[in-house]
Each structure stands twice: as C-alpha cells, then as structure tokens.
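Peer 1: Let me see the structure of the following:
(one chain, ligands or ions: 2)
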Amino acid sequence: AEAQAAHLLEGLNPEQLEAVTHGGAPLLIVAGAGSGKTRVLSHRIAYLIATHRAHHGEILAITFTNKAAAEMRERIEALVGERAKRMWISTFHSSCVRILRREASSVGLNSNFSIYDSADSLRLITLVHKGLELDPKKVPPKAVQHKISSLKNELIDADDFAARANLKDPFEAGVSEVYKGYTQRLRQANAMDFDDLIAETVYMFRAFPALAETYRRRFRHVLVDEYQDTNHAQYSLVREIVGEGPESSELTVVGDSDQSIYAFRGADIRNIVEFEKDYPNARTIKLEQNYRSTQTILSAANAVISRNPNRPEKRLWTAEGDGEKIIGYAAENEHEEARFIAGEIDRLTDSGEFRPGDVAVFYRTNAQSRSLEEILMRVGLPYKVVGGTRFYERKEIKDALAYLRVLVNPDDDVNLRRVLNEPKRGIGERAEGTIAALAERDRTSFMAAMRRADEAPGIATRSLNSVKGFVKLLDDLAGVAEGSGAAESLEAVLEQTGYLAGLRSSTDPQDESRVENLAELVAVVREYERENPEGTLQTFLEQVSLVADADQIPDAPEGASQAEVDAAVAEAKQQGVVTLMTLHTAKGLEFPVVFLTGMEHGVFPHRRSATDPEELAEERRLAYVGLTRARKRLYLTRSEVRSLWGQSEYYPASQFIGEVPAELIDWKREGTKRPPAVGTAGDGTNSRYDRVGSRFGGSSWGAGTSRNTSFSSISPASSAPSAAEKKGRVQPQKEVISVVVGDKVNHTAFGNGTVIGVEGAGDKTVAKVSFDIGEKRLLLRYAPLTKV
Ligand code: ATP
Ligand code: MG
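Peer 2: Ligands and ions are numbered 1, 2, ... in the order given. Predicted coordinates for the structure are as follows:
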C-alpha cells in the first residue's frame, strides 16, 4: 500500500504534491488551464484511499459534466481498482437526484418523481400563464421561465419572491403569480425541474438537520472540480454537506476564474474569489506550470485573457518549448473556410504526425457546424458532431419519451397532455379542457380525471369513448412496462399507440427521418440496457433527463444529453474521427490540433455581448477556454462573409484575433484589413462594416430582454432589418441543384441513383430517387446530392 501511495506522487511538481497530500483545512486550488487541476483531484482521491485516510465510500467528488465524472472514475480505477466503481463521482445534478430519490418522502414527493427538462417546464409555465390570463407581451412565458430559474438558483422560492417582488411592475407581479402556480403544479405532477434538483436538496438539508448530519458523516471528503462555474444553490449545497466547525468534512475545490463561462446559468465567480472569506482557515495553492500546450499557444491565451479587467495576474508557463506558430486564415466565405480546414486536416494526417481523432474544430454556435459538415462529408473525412444534433429535442423523440414518462409516473400531467392526441385519436381541445377542469375541480391529476371522464360535465360521447380507449391503452402499456425492460416498453409504445404506423403511412419526407430517429432511440435504449444490466425504464429516463439543459445554454451543447456528448467524444477518439463541437462543450478537454473557427466580430464575440462589458468578458473567457484546449497546433480561422441567423453578412475580424500578439500568428490568407466598426457613428450606407456595427449599436435586439433571451427571440427575423441592411445584404449562395426525371445522381450516404419523380417547386422541391437500397424522397434543398 505504501508503495502504491508513493507511486501516486511520482512526477508531480511541488505545488501539485502539496495539494495531493494536504490534510485538514479546506483547500482551494486555483490555477490556469492545463496546469493539472483535474489530475490533482484524481490523485488526491486515490491518495486518500491508498493511505487509508478515507474509505472510498466516504468520498463525494463533483465534476461539471458526466464525461468528466466518467474520466475521473476511470483514472481513479486505474489507481485504486474496482472500488472506484462504487464511488460517488458525479455531477451536482446526478448526486442530488440520487439523494432525493432516497429521501423523497422528506420533500413530500414519491421516489418515482419525474424530472422536467427546460422544454417540459416551459410547457407547464405556459399552461399556468394561460390559466392566469396574463398578457404575453408584458409577461412573456419564456422570460418568466428564465426568471424563475434564476430565482431557484439563488434559492429564492415562490413565497420569498412574492414577499419581495415589486407588484407594481407587471412583469414581476406576473412572475410572482406564475411561480406560485408553477410550483403547485409541479408538486401535483410529482415532478421537479432541473433547478429544483439542487434547490430542493438544499432546502431538505436545512429543514432536516439530522438528515444533513447523516450525509455529512458519510461524506468526510468533498471535492469539487470546475468550482468557478458553481451557482449560489450549488455553493450552498456544498456548505450544507461540508458543515462548519471541528466536525466539518474536508473540502477541496479546484477552479480557474478565467474559465468561468456559465454566468448565464447563474454561475458566480465570487464563489471562488471569496472562498478564503467563507472558509477563514483555508489553504490556497496556485499551480503555474502548464503541461498541456506549447509556449506559443500559452502566450496567445495569456495575452487574450489579460485584457479582462479585475483579474489577478497569473502567468502560465511550460517546459514544452515554443512549438509551431499559430496559423491564421481569413476565408472569403464559410464554405471556403471549411475547405481550408479540410485541406489542413488532410495535410496534417497525411504527414503521419496526427490522426483525424487528434483534431477538434470549435465554433461559437451550433448553426456554424453545417458548412463544415458539408465539406468534410464531400471530401470524405470522417467526423463527429458533438452535442449539436439536438436529438432529444426532436418532436418524435420527445413524444416517445413522454409516453414512457407517463408509464412510470401517471400523474405527470405535462407529458400526458403532450401525447393525449398524438397520434390523433379524437381527443380534441374541448375534451381536454373539460377533463382539465374536472382535474382542477377535484384537485387531482389529469390521469385520475380521465378515469372518471364520465363525470366530466358536457363531454361528448365520442370523446368519452376515445378517452376510455386511451386510458385502457395506457394501462396495457403500463403492464408491459412492469413486466419487461425499457427497450421492449418503448417498442410497445411505438407500435400500440399507432405512432409509428402514422409516420410510416405519411408521404411527408420529414416523417421518414422521424422513423429513422425513433429507430435510433430504440438503439439508444438497447445500448443502455446492455451497459446497465440493472437499469430500468426509470433509470433510463433519468439519464435522459439529466441533459446539460439545452435551452439554458444558448448556442452551447444544444439538445444533446451529456451522456450523448460523452459517448460521441469517446467514440470519435476511438474511431479516430475529427470532432466538431461548440466552445462551451469543449471545457476540460484537450486535443493535439485545434481549429478555432468563425473568429468574427459579431459571431465570436457573440453579437449579444456588444453592449455589455460583462458579457464581453465572458466571451473572452470562452476564447481562453478554446485556445487552451490545444496541445500542439492551433488554427484561428474566420470568414469575411457568413450566412448565419438567416442572412448573409460581412463580418470583420474578431477582436480576439487582434489581441493575440501578431508575431505568434502565421497568416496563410489575411483578408481585408478593416477595423471593427463597433461604436463608429457611420450612417450605415457607405460601409458594410458600419452596417454590422449599427446592428450592434441598435436597440432592436437585446434591449429590454435579459441577456439570456433564447436564440430565436434575438434572431434578426424578429427585428426588422434597417434599410441599409436590406440594401447591402449579400445574397446567400444557392447550391440547390435542379433535376429532372431520368437524371443520374449521387447521394453522400445512399450512393448512386436515378431520379424517378419530381414534386413541388423552389425551396420545397422533392425528388423521388431510386437507389440500390430502395426509393427515397429527398428535399433537394437539404439533400447532399450531386449529378453524375
Ligand atoms: P483545465 O483547466 O483545462 O480543466 P486542468 O488544470 O484540469 O485543465 P488537467 O487536465 O488536469 O489540467 O491536466 C492537463 C494535462 O497535463 C493532462 O494531460 C495531464 O495529464 C497533464 N499533466 C498535469 N500534471 C502533470 C504532471 N505533473 N506530469 C505530467 N503531466 C501532467
Ligand atoms: Mg480540468
């Protein structure tokens, strides 16, 4: 054991060594990117176990993503063996779910409670909103949802808010009302939203000190990675579990205030800055040696982040040497940018120095991946898009999951009402309203009311029969779910509800891909069952629910669950394929070759940040995160014209490019040199750049709404373009091919085929093509088709 413990300390630098072996007082490790924070955390856990200072069951390790948790578990398993499998190494949300499932009765819930994701929660909020007859202009449901989320992250519950809200303000008054109703409805539905998971755990510990004490005694060591991204509720949770005074547990947190990129989710850098105040006897250790990147990459990252105000100066250094220069490229448009990237990847991999799996391509918003994908597909470079597919956000997937959720928790009104008439079964809005009223009157769930639909005043006989049929269907399916696994339940749902049959008989080409997506969902469940032999339908749904909550991360890991992201990253690495992902998703990862694309003012930094210095600082931290993912080679690319948010625009270079010392960059094509036009008072007619600038200065977006406004509500579509914009707009390049019956075509996935029919016109043209694998209906606008 002693030899093993000594082995854990090998190769650590003196500061890392101190951090790994430290005992007693709370420990804060602050350090820049790539300095070994996560590594120190893993080694510290292994060391605690190897030296018998802690039993593996006494350790609670919290990471920011499930991927990070899995990676840490792997490392610890390599160090201490099998025991690692049973340890609590997870995200805040997962830990809380685990605690709440055990102690559900303490918070007045059944342990089979549902977890509502952001979309579910918005549906419920909208229902409550409607019931209260609020004005959606003055009190937009989406903004209400955001406000409630922030309040929960601040541990302000509905009653607290009602007491402090300014009721003269229509928005605040509205939020206060909705918050109360929403809380009540969640209870009734035996459900929690994402923010509740953390907040309710904190409230529970505060209400039942003895319970908190149990967990405190159990977890003698609490370790938190990426502490800079914790919000107030998470911070409080840590305090509750650690406790105070001589009985408190040992706390270790690691973080980097320069990498805080989740302020829009309520992350509070103060949690790290004020650690020493909160824990007066704390020990702070700084790590300065970077083991990841070349000096060139570090110097670039240091130069950029040093522009942020109010940050303690820190300098990363490396023993790696300068390495290669950063390569810069200014493309004419996004297609050319993509071609350059594909060409470089080819060059790097042909030389034998790198494999495709060593390469990552980052972008600011998911929408940017499409042009990259097109080219990579065309040139035949294998790639994987991480987190951008929005798989779990697709309608058919949400419908299928809604059915499954109802089988597990019949009181789940939101999901039940989602699929009430999906596929159409003759339960219209009026019938739904009647049953809702009955449920309201008797204060029961919607399901309970459906069972007594006979009593619903004025319900039509036809509807009544449909409702009875539906109840019977659900009961039958619940029987299947009880007697068999998750995959079988899903298949039963898809078949017996007629959902799949409806899609199959449809002529809408979209429905074809819906069927494919559902097949993929079945595959996902099967894989889950293979990997988790103990897994149940409920645990599967739980995993799906624990997504990095899509709507709250604008432009970030949209849609995909963390598990999906993890699986995709692991797979990409193994298969040796290029990884495409947003900058937000890239946190904590490292790659030998990194492309930072779309380095344009208005794209990155995101245009939302133009009027708010704090937002700009956050964008800069995001740039720092991106730059520091690179180990050996770094590319900065931009496009002078880009189609994004529905229109083609000229974009000047990102200011972040200008912040990298010029001598570090080797420009392959420099592009037009023009200073960004932010702040210039041009009349908007003579310079294209002024036009971009005027959009920044304009009040048509961003104004009056919080910075967390959803993507769509700030899209130009919702704000009238100025005359100058209209005049100068560059037409998007059209690459839609036209075909006639008899044409031979090639599809990137289906191979060669013959056009056997053409329907519709313009954007909606659909071609029927006969391929070797069968006939397909393809929307020409999207299909990767070429004539041969
Ligand atoms: P980030 O801020 O990006 O999360 P980090 O501080 O958590 O970074 P790690 O991921 O722990 O950094 O480490 C970065 C890289 O450096 C990893 O590949 C890690 O294995 C390596 N590394 C860290 N410390 C050492 C060391 N003492 N000897 C060799 N390699 C090290
Ligand atoms: Mg780390």
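
Peer 1: Low-confidence bits of the stretch 1-150 of the chain, can you list those?
Peer 2: 1 (pLDDT under 70).

Peer 1: need the residues of it near ligand 2, please.
Peer 2: Residues of the stretch 1-150 of the chain found near ligand 2 (C-beta under 5 Å from the ion) are 37-38. Heads up, the C-betas are built off the backbone N, CA and C, glycines and all.

Peer 1: what's the answer for the chain, then?
Peer 2: With C-beta under 5 Å from the ion as the criterion, the chain comes near ligand 2 at residues 37-38, 588.

Peer 1: so how far is whatever helix or strand Ala3 lives in from its chain's centroid?
Peer 2: If you go by DSSP states H and E, Ala3 is part of helix 2-9. When distances are taken as C-alpha atoms, centre = their mean, to the nearest Å, helix 2-9 is centred 38 Å away from the chain's centroid.

Peer 1: List the buried residues in that helix.
Peer 2: For helix 2-9, the neighbour count (16 or more other C-beta atoms under 10 Å) marks 5, 8 as buried.

Peer 1: returning to that earlier point: show me which of the residues of the chain next to ligand 2 neighbour ligand 1.
Peer 2: 37-38, 588 (C-beta under 6 Å from any ligand atom).

Peer 1: can you give me the offset of stretch 178-196 from its chain's centre?
Peer 2: With C-alpha atoms, centre = their mean, you get 22 Å for stretch 178-196.

Peer 1: which one is whichever residue of the stretch 151-300 of the chain sits closest to ligand 2 nearest to, not counting chain neighbours?
Peer 2: In the stretch 151-300 of the chain, the residue that lies nearest ligand 2 is Asp225 (6.1 Å; C-beta to the ion). If the residues on either side of it in the chain are set aside, Asp225 comes closest to Thr63, at 4.6 Å by C-beta to C-beta, 6 or more residues apart in numbering.

Peer 1: for the stretch 301-450 of the chain, which spans come out with low pLDDT?
Peer 2: 367, 387-393.

Peer 1: Now do the buried residues in the longest strand anywhere in the chain.
Peer 2: If you go by DSSP state E, the chain has its longest strand at strand 630-644. For strand 630-644, the neighbour count (16+ other C-beta under 10 Å) marks 630-644 as buried.

Peer 1: which residues does the residue of the stretch 501-650 of the chain found nearest ligand 2 contact?
Peer 2: Using C-beta to the ion, the single residue of the stretch 501-650 of the chain nearest to ligand 2 is Gly588, 4.6 Å away. Residues near Gly588 by C-beta atoms under 8 Å, 6 or more residues apart in numbering: 38, 64-65, 67-68, 225-226.

Peer 1: Filter the residues you listed down to the ones in helices?
Peer 2: 38, 67-68 (DSSP state H).

Peer 1: what about the helices in the stretch 301-450 of the chain?
Peer 2: Remark: helices assigned in the stretch 301-450 of the chain by DSSP state H, counting those that start in this stretch are 334-350, 369-379, 395-408, 413-419, 429-442, 446-451.

Peer 1: hang on, Tyr528 packs against Gly485?
Peer 2: No: look at Tyr528 against Gly485 with C-beta atoms under 8 Å: they stay out of range, at 9.6 Å.

Peer 1: The longest strand of the chain and ligand 1, any residue contact?
Peer 2: No: with C-beta under 6 Å from any ligand atom as the measure, strand 630-644 is seen stopping short of ligand 1, the closest distance being 8.0 Å.

Peer 1: list the helices and strands that strand packs on?
Peer 2: Strand 630-644 sits against helix 295-305, strand 326-333, helix 334-350, strand 591-596, strand 647-650, with contacts defined as 3 or more C-beta pairs under 8 Å, 6 or more residues apart in numbering; DSSP states H and E.

Peer 1: Paired strands for that strand, with orientation please.
Peer 2: strand 326-333 (parallel), strand 591-596 (parallel), strand 647-650 (antiparallel) (DSSP bridges).

Peer 1: Now the longest one: buried residues?
Peer 2: Residues 326-331, 333 are the ones in strand 326-333 that count as buried (16+ other C-beta under 10 Å).

Peer 1: can you tell me which residues contact the nearest residue to Arg218 once chain neighbours are set aside?
Peer 2: Once flanking residues are discounted, Arg218 sits nearest to Glu58: 6.7 Å by C-beta to C-beta, 6+ apart. Applying C-beta under 8 Å, 6+ apart to Glu58 gives the contacts 218-221.

Peer 1: Farthest pair within those residues?
Peer 2: The most widely separated members of the contacts of Glu58 are Arg218 and His221, with 10.5 Å between them, by C-beta to C-beta.

Peer 1: Let me know how buried whichever residue of the stretch 251-400 of the chain sits closest to ligand 1 is, in neighbour terms.
Peer 2: Closest approach of the stretch 251-400 of the chain to ligand 1 (C-beta to the nearest ligand atom) occurs at Tyr291, with a separation of 3.2 Å. By other C-beta atoms under 10 Å, 17 other residues sit near Tyr291.

Peer 1: tell me the SS of it?
Peer 2: coil (DSSP: H, G, I helix; E, B strand; the rest coil).

Peer 1: is it true that it touches Ser35?
Peer 2: Yes: taking contacts as C-beta under 8 Å, Tyr291 lies within contact range of Ser35: 7.2 Å.

Peer 1: For Pro280, give its distance to Glu274.
Peer 2: Separation of Pro280 from Glu274 (C-beta to C-beta, to the nearest Å): 11 Å.

Peer 1: Quick check on these two: which one has the bigger neighbour count.
Peer 2: Using other C-beta under 10 Å as the criterion, Pro280 and Glu274 rank with Glu274 on top: 12 against 8.

Peer 1: Quick check, pLDDT for that one.
Peer 2: Looking at Glu274, its pLDDT is 80.

Peer 1: Off-centre distance for the longest strand of the chain?
Peer 2: 22 Å.

Peer 1: One more: stretch 656-668?
Peer 2: 31 Å.

Peer 1: likewise stretch 167-175?
Peer 2: The answer for stretch 167-175 is 30 Å, by C-alpha atoms, centre = their mean.

Peer 1: and if you look at stretch 375-387?
Peer 2: Distance of stretch 375-387 from its chain centroid, counting by C-alpha atoms, centre = their mean, is 21 Å.

Peer 1: buried ones in that stretch?
Peer 2: Buried residues in stretch 375-387 (16+ other C-beta under 10 Å): 375-376, 381, 383-387.

Peer 1: mind putting those residues in TSV, distance to Ile148 included?
Peer 2: As requested, the buried residues of stretch 375-387 are arranged in TSV below (distance: C-beta to C-beta, whole Å):
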residue	distance to Ile148
Ile375	42
Leu376	41
Leu381	44
Tyr383	38
Lys384	35
Val385	32
Val386	30
Gly387	25
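
Peer 1: In strands only, show me the residues you listed.
Peer 2: 383-385.

Peer 1: circling back: need the phi and psi values for the residue nearest to Arg218.
Peer 2: Taking degrees, to the nearest 10, you get phi -90, psi 10 for the backbone angles of Glu58.

Peer 1: Residue of the stretch 1-150 of the chain nearest ligand 2, please.
Peer 2: For the stretch 1-150 of the chain, C-beta to the ion, closest residue to ligand 2: Thr38, 3.3 Å.

Peer 1: one step back: adding distance to Ser738, write the buried residues of strand 326-333 out as CSV.
Peer 2: As requested, these are exported to CSV (distance: C-beta to C-beta, whole Å):
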residue, distance to Ser738
Ile326, 43
Ile327, 38
Gly328, 38
Tyr329, 33
Ala330, 33
Ala331, 27
Asn333, 22
